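> Task: produce atomic coordinates for the following.
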Amino acid sequence: MGEKYEVRPENGMLRIVALKNFGVIKKGNIGGLVESEKNLSHYGDAWVYVDAWVSGDAQVSGDAWVSGDAWVSGNARVYGNAQVSGNAQVSGNADILIVGPIGSRKSFTTFCVNKKDILVFCGCWNGTLAEFSERVAVVYPTGKHADEYALAANMAEKILKIKKRG
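Okay, here's the model as predicted:
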């Protein structure tokens, strides 16, 4: 399959540059910063966009991407179709659940555990799991979207709280 990107030293990190077309990335596209090539897989469509960075033992693989001003570090794993964006910071032994496509936009909703709570990233909205449930109740009091979001929140609470304790 071959390498899909090369790295160029920049300010103590490595800037990635696409060597070929894959997914929405075109040959020559400038990507984000990684500490080592171990941070970004050469397989699949995984990518770190220009203002994002990945460091430590963190890994981005599959068709996942990191964008915006997001930072992924520690032992965090971003994989599958996961999307970490905006000002998100994922670090340590991060537990993340991606559910989708669901809701009115038929997109993916990301649930992740921090030290105090389960955080939710849904489109341009983000907050705690409790805030998400309250917001869904207001925006979608009944119907298919209400059911989908409620099931996703319930699954996130059960799966991620079990991992948090264990």
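> Enumerate every residue touching the residue lying closest to Lys26 once chain neighbours are set aside.
Spatial nearest neighbour of Lys26, chain neighbours left out: Ala18 (6.6 Å); criterion: Cβ to Cβ, 6 or more residues apart in numbering. (C-beta placed from N, C-alpha, C; glycine too.) Ala18 is in contact with Lys4, Tyr5, Ile25, Lys26, Lys27, Gly28, Asn29, Gly31, counting by Cβ atoms under 8 Å, 6 or more residues apart in numbering.
> Kindly provide the distance from Ala18 to Glu35.
Ala18 sits at a distance of 19 Å from Glu35 (criterion: Cβ to Cβ, to the nearest Å).
> could you dump the contacts of Ala18 to TSV with neighbour count?
Formatted as TSV, those follow (neighbours: other Cβ atoms under 10 Å):
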residue	neighbour count
Lys4	22
Tyr5	24
Ile25	19
Lys26	10
Lys27	12
Gly28	10
Asn29	17
Gly31	24
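> any idea how this structure splits into domains?
Taking automatic domain parsing as the reference, the chain has its domains at 1-92, 95-166.
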